[in-house]
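Student: Make a model of this:
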Amino acid sequence: MISSLLTLLAAYLLLLVGIYFYQPHLLFLPEIPSRQLERTPQAIGLAYEDVRLTASDGTELHGWWLAHPEPAGNVLFFHGNAGNISHRLHTLRLFHELGYQSLIIDYRGYGKSGGKPSEAGLYADAEAAWRYLRETRRLQPGEIVISGRSLGAAVALYLAHRHPPRALILESPFTSLPDLAAAHYRWLPARWLTRYAFDNRQRIPQLDAPLLIVHSEEDEITPAQQARTLYALAPEPKQQLVLQGGHNDARLGDEQTYTDGLRAFLARH
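Tutor: Sure thing, here's the model as predicted:
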């Protein structure tokens, strides 16, 4: 009996060690569904420019700039933890239809960007995108809306916390990565194991921009309660947009509510 218990304990401890050191591969998923760029905005009838950026640590980044003939504003968009910019064409088309120019980048280690992803690295990538809009496109902060989805919501909030934009849109945000891990892996000491913070709970009370939080009560990945917690902590002006559906399909299955909600928020701010 003791021998069996010791074997189980050893296996459990080995699992914890494996999770701790393998964690970057569990969080950052540039190969799912593929690191290759599958299509460009041209495939949906949108003109675009390839953008090459250099982060403060020298990492080379790739993105797209989509101009608009009569822009109502500009959006800097940060995607989630899987795939690359070519898997976000629906989002780029929506911003264009709303009258917005947009910049989307691949984080380091994603798509055509160099380097390896990390929390500090993603923040540096966001800063590089902001510098591009300010220095190359000559945009003022009041002309830029920052938007992020899932993990990208944490990147977007980090940037908005440092550089107040015209407005901030957070889709499917979580309070922090340790909170998210604890919600999913109750049988593990998840908070202790988590190597990354992505602490939205700490940053959102200091936000100095109009905020829209988009989430679904049926989200199976980022619990709706965490989005509600962030909303409660955020200062005014703020709005919530509640959708129907799962983490990856709510904005598609409930497209009219999503589109109307974004349009109304952007028109108001």
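Student: all contacts plus neighbour counts: C-alpha atoms, from now on.
Tutor: Will do.
Student: what's near enough to touch Ala154?
Tutor: Ala154 is in contact with Gly148, Pro173, Phe174, Phe198, Asp199, Asn200, counting by CA atoms under 8 Å, 6 or more residues apart in numbering.
Student: Show me the helices in the stretch 151-269 of the chain, by range?
Tutor: Counting by DSSP state H, counting those that start in this stretch, the stretch 151-269 of the chain has helices at residues 151-162, 177-184, 190-193, 200-203, 224-233, 250-253, 255-268.
Student: Let's have those helices in JSON lines, adding mean pLDDT and distance to Pro117.
Tutor: Formatted as JSON lines, the helices of the stretch 151-269 of the chain follow (pLDDT from 0 to 100; distance: least, CA to CA, whole Å):
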{"stretch": "helix 151-162", "mean pLDDT": "98", "distance to Pro117": "12"}
{"stretch": "helix 177-184", "mean pLDDT": "93", "distance to Pro117": "15"}
{"stretch": "helix 190-193", "mean pLDDT": "83", "distance to Pro117": "18"}
{"stretch": "helix 200-203", "mean pLDDT": "98", "distance to Pro117": "19"}
{"stretch": "helix 224-233", "mean pLDDT": "97", "distance to Pro117": "24"}
{"stretch": "helix 250-253", "mean pLDDT": "84", "distance to Pro117": "27"}
{"stretch": "helix 255-268", "mean pLDDT": "96", "distance to Pro117": "30"}
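Student: closest to Pro210 out of those helices?
Tutor: For Pro210, the closest of the helices of the stretch 151-269 of the chain is helix 255-268, at 9.1 Å, according to CA to CA.
Student: Figure out how far the closest one is from the centre of its chain.
Tutor: 19 Å (CA atoms, centre = their mean, to the nearest Å).
Student: what's the answer for stretch 146-161, then?
Tutor: For stretch 146-161, the distance to the chain centre is 5 Å (CA atoms, centre = their mean).
Student: Send me it as CSV with only the CA atoms.
Tutor: Output in CSV follows, covering the C-alpha atoms of stretch 146-161 (Å, rounded to 0.1, in the frame of the first residue of the first chain):
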residue,chain,number,x,y,z
ILE,A,146,-7.2,49.3,-28.9
SER,A,147,-9.0,45.9,-29.1
GLY,A,148,-8.0,42.5,-27.9
ARG,A,149,-9.6,39.0,-27.7
SER,A,150,-8.9,36.4,-25.1
LEU,A,151,-5.1,36.4,-24.4
GLY,A,152,-5.0,39.4,-26.7
ALA,A,153,-7.4,41.2,-24.3
ALA,A,154,-4.6,41.1,-21.7
VAL,A,155,-2.1,42.5,-24.2
ALA,A,156,-4.6,45.2,-25.2
LEU,A,157,-5.2,46.2,-21.5
TYR,A,158,-1.5,46.3,-20.8
LEU,A,159,-1.0,48.7,-23.7
ALA,A,160,-4.1,50.9,-22.8
HIS,A,161,-2.9,51.1,-19.2
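Student: hmm, back to that, of the helices of the stretch 151-269 of the chain, flag the one that's most buried.
Tutor: For those, average neighbour numbers computed from mean count of other CA atoms under 10 Å are highest in helix 151-162, which has a mean of 24.
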